[in-house]
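Q: Here is my input; please provide its structure:
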Amino acid sequence: MHSLIRIATVTAAFSYVTSGLSWAQTGDLIRLPKYADQPTVHDDWLVSPISQEATVFQTVDNHLALSNGLITRTFSLAPGGATIGMDNLITGESLLRSVSPEAILWVNGHEIKVGGLIGQPVQNYLDPKWIPQLEADPVSLKLVSWDSRPLESRFAWMPRTEWLSKPQEAAKGTVLRFSYQADEATIQRHQVRLTSDGQRRKLWDDPFKELSSTWKLVSANDDRSASFINEGKPGEIMGPENHPVFAERPLSADTRVIIARINPGTDRSTEYGPGVTLVSPGKDHLKLFLSPGNRSYGLLQNGTVRYFLGMDPSTSHFLRLQLEEGKVRCMVSTNGGEYQTLAVVKTTSIPEKIRIGKTDPTGGATPGPKTGNIGRSHVEHLLLLGDAMAPSHDVDFLRDLTVHVHYEMYNGIPLLSKWITVEYNGQKEVIINNVRTEHLAVTEAESAVEHKQRWELPPIFAQSDFAFGSMSPNASENAGVEWREDSTYTTQVNYALKTPTVLICEPKHGVGQEISPGKPFESMRLWELFHDSSDRERRGLAQRKMYRTIAPWTQENPIIMHVRSADDASVKKAIDQSAEVGFEMVIMTFGSGFNVEDTTEANIQRMKAFRDYAHQKGIALGGYSLLASRSIDADNDVVMPPGMKPAFGRSPCLLSEWGDRYFQTLYEFYEKTGMDILEHDGSYPGDVCASCNHPGHRGLEDSQWKQFVRIRDFYRWCRSKGIYLNVPDWYFLEGSTKIAMGYRETNWSLPREYQEIIERQNIYDGTWEKTPSMGWMFVPLVEYHGGGPAATIEPLRDHLPHYEQRLANLFGAGVQACYRGPQLYDTPETQTLVKKWVDFYKRHRRILDSDIIHLRRPDGRDYDAILHVDPTGEEKGLLMVYNPLDTPIERTLRVDLYYTGLRDQATVSKNGKEGNAMPLDGTVLHLPVSIPANGQVWFVLK
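A: Coordinates of the predicted model:
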């Protein structure tokens, strides 16, 4: 279903601010399809197409559910907008354990929460019955509207269909957008809350070194066996378990915050535990206390006691009561810095007195049943605070701020994306210091009481497009995605509260982005892929399908030659030979003399002539440019803060004057020459810059985000022009198409025979997380990083067996390499050999570009094998089996063809010959193979 729907307002008091996008017509919640009517998905989404589309549903409890039949994310609309469900429908798992804000922003130094609910009694799990009792966080922005629309492309991409083995359809799905604003009550609360306790007037500061005469000591029945001063120590309470003993004093009407630090010691009371009681007229007392007997925090209100599990009896605790208009915010902490809000309770009167210590279950002095147990607890400190000494009024910007939280769910894959946009219509520019676009509290993957060096993580693969500084998916974790501990999750099994249970997406160095009317902010995007198995292969297949879905340009897989010299004769020879054998692209490689920064008219015209010549031959052409890992000068290099160094030891700032010129040169060079490929080495790795003199950034705070935006926008522009990008960094989600499959450059200075095995190992290991088209390998036709004649293939005619093995390794895996040298062949025999394997690849291009199932890793001791699978293709499988030994290998291989979609029978052809029907044991093929010494054999499966 793709009907476009919007609820124009959730709370009538808000005015809705549009974002300029084409969103839905005004609608109604009741017009949505019923979630209970969603059809069940039975097919395996990795094998069969899934017909169920991503749709917005109405649940039976009048919540919103965004679901594609594989996963569901559920949202409450009232009393506040929040994620209240995260379900993997494939496994039946409910992954959400606690409600969190939908996003958090830091604006002008203030923390601004977006949506969310508070009051959940424990955070181990989220019972749907609790949802109606939860409250909107009074200091969070409020949900004012929601919209939905079909999914749209993130940026323009001009596909190069000649390099695609099958059509890449645009991803389809649904985008759900929630809009949040602040009301006046929220703004007023921020004016109080955002003023730190340290800025408030101190009304009373009592460390209980000696007992002030303003305190009145109370013990039930004046029992002398109980004392508030034990062994001469004020605040140390000694007494029976169920026996009240406390100190009482008047409470000033100016009191706004009460903070008590209490250690439960050996006291094991429950409802008589030590705490703080606010005494109001009519005996309607409010009591926040420790209940060490059941390891809980207790809260007395209106004669009813509620318990919140997770209080550690072995340490001191901070109890904080914040008095607001008609409400009291009850909070706890173990460090006095990070507080957990237990509840916000309504009050009808102003408290007159404060009692600190052990009171009865009503906040009074009535003793309970005697148990004979004597305990000792300690009131360590009490602080009473008033209003701010200098109230802050700079949160007025909230009146003009609108935050949109976007969710994008895709058809046919358990995948969703999330990001935020921020609009501001105030008169003064404000600074978004940082954004947290996701704070997802999920069920832990394992429980461990003690410390662990390596934790099992929840079954969600998280990937952000704000990613750099790595040639693996770790790039996004380096920049702003991480699994964090949750100190507020006090009822977890781990005693140190170190279990990683919160998925966070937040730039680690901030964004420092200015926003003003007409200049909104758009955050990075986070993708969340839900795994349905712990099997490594299945998880890899899911991840690879994710990249095919959200970054289809990664499937362009041209056959590339790296010509080592950029003189006229060398370039034309490389183009001619590439056209003769079927190669598709020539790159003027590093060290060739190609210089994209040469802006002279003579160079532009020369490069344009090269391009024209290449296009006449059907060859794409481009070259190499180094960005980072070089120094320009002191005025243009990054200025690192003390203790930090650039990732590559040295680097220019992309926002310096040199950076401005460099990127302008790149745009102009590719516009004027029309070249097809940029190999961008040493891409931006995430260096910050503390300079205040560069034209493109203010200082340290905004330096990383703005440098990232500069290179992101350039890469996106390249894709809109059909320019292919080889980038040795994880920029796939911003338009890059290929990265190192996984190699160490100096390995290609090893003897040739070693390179054969290492090459296949690199491919085997590199394709767990990447499709074959996403990684390049390397073939040193001439010497590279040393090694001499033993490491190189030239003269090619003298090393044909090795050359053929390299071609079979690479084309058999669907992996393209940098064939670096002056020529691809030197004799007709060599030419025939290269064309043989190019033709093999092109004849089976679709299946060879498809996913690899890893059968046996190369080890030089026995055969190694990979299986390409494509359940939707005519050729559903292609099996490559290699023999590294000097003797033939005879085996019967057991190959599971599950991911080919074949069952019971398959047609198997060997080395391109006519196929024979073979029975399967379900999906398992028992295949006799004979592999020649130092050779390979391949089978097509239909």
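Q: Flag every buried residue along stretch 668-685.
A: 669-670, 673, 675-685 (16 or more other C-beta atoms under 10 Å). (Glycine included, C-beta is placed from N, CA and C.)
Q: Sort out for me which of those are in strands.
A: Counting by DSSP state E, the buried residues of stretch 668-685 place I677, L678, E679, H680, D681 in strands.
Q: Widest-spaced pair of the residues you listed?
A: Spatially, the most separated pair among those is I677 and D681, at 12.9 Å (C-beta to C-beta).
Q: May I have stretch 856-863 as CSV, with CA atoms only?
A: Below are the C-alpha coordinates for stretch 856-863, written out as CSV (Å, rounded to 0.1, in the frame of the first residue of the first chain):
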residue,chain,number,x,y,z
ARG,A,856,36.7,-23.9,1.6
ARG,A,857,39.3,-21.3,2.3
PRO,A,858,42.6,-21.4,0.4
ASP,A,859,45.4,-22.8,2.5
GLY,A,860,47.8,-24.4,0.0
ARG,A,861,47.2,-27.8,1.5
ASP,A,862,44.1,-29.0,-0.4
TYR,A,863,41.5,-27.7,-2.8
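Q: quick one: it to chain centroid distance?
A: Stretch 856-863 sits 35 Å away from the centroid of its parent chain (C-alpha atoms, centre = their mean, to the nearest Å).
Q: Over to stretch 214-223?
A: Stretch 214-223 has its C-alpha centroid displaced from the chain centroid by 56 Å (C-alpha atoms, centre = their mean).
Q: now do stretch 812-824
A: Distance, centroid of stretch 812-824 to centroid of chain: 34 Å (C-alpha atoms, centre = their mean).
Q: tell me which residues in it are buried?
A: Neighbour count says stretch 812-824 has 812-824 buried, by 16+ other C-beta under 10 Å.
Q: Repeat that for stretch 923-939.
A: In stretch 923-939, counting by 16+ other C-beta under 10 Å, buried: T923, L925, L927, V929, I931, N934, G935, Q936, V937, W938, F939.
Q: Might you specify the subset of those residues located within helices?
A: When the buried residues of stretch 923-939 are checked against helices (DSSP state H), there are no matches.
Q: Other residues contacting whichever helix or strand F610 is part of?
A: F610 belongs to helix 601-616 when assigned by DSSP states H and E. Applying C-beta atoms under 8 Å, 6 or more residues apart in numbering, the set of residues contacting helix 601-616 from outside is 568, 571-572, 575, 586, 595, 620-621, 623, 669, 672-676.
Q: Among those residues, which one lies nearest to Q805?
A: So of the contacts of helix 601-616, ranked by how close each gets to Q805 (C-beta to C-beta), first place is V586, at 23.8 Å.
Q: any idea how far H615 is from that closest one?
A: V586 is 11 Å from H615, where distance means C-beta to C-beta, to the nearest Å.
Q: Could you check which of the two is surrounded by more residues?
A: V586 (30 against 14; other C-beta atoms under 10 Å).
Q: my guess is the more buried one contacts A574, does it?
A: Yes - if you go by C-beta atoms under 8 Å, V586 and A574 touch, sitting 4.9 Å apart.
Q: Ends of stretch 32-48, what's the gap?
A: 28 Å (C-alpha to C-alpha, to the nearest Å).
Q: tell me the mean pLDDT over that stretch?
A: Taken as a whole, stretch 32-48 carries a mean pLDDT of 94.
Q: again, but for stretch 858-873
A: Mean predicted confidence for stretch 858-873 is 97.
Q: buried ones in that stretch?
A: P858, Y863, D864, A865, I866, L867, H868, V869, D870, P871, G873.
Q: Adding distance to Y715 and secondary structure, write those out as a markdown table.
A: A markdown table is the format used below for these (distance: C-beta to C-beta, whole Å; DSSP: H, G, I helix; E, B strand; the rest coil):
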| residue | distance to Y715 | secondary structure |
| --- | --- | --- |
| P858 | 34 | coil |
| Y863 | 41 | coil |
| D864 | 35 | strand |
| A865 | 36 | strand |
| I866 | 31 | strand |
| L867 | 33 | strand |
| H868 | 29 | strand |
| V869 | 30 | strand |
| D870 | 29 | coil |
| P871 | 32 | coil |
| G873 | 30 | coil |
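Q: circling back: mind giving me the packing neighbours of the helix or strand following the helix holding F610?
A: The first helix or strand that comes after helix 601-616 along the chain, using DSSP H and E, is strand 620-626. With contacts defined as 3 or more C-beta pairs under 8 Å, 6 or more residues apart in numbering; DSSP states H and E, the packing partners of strand 620-626 are strand 585-588, helix 601-616, strand 677-681.
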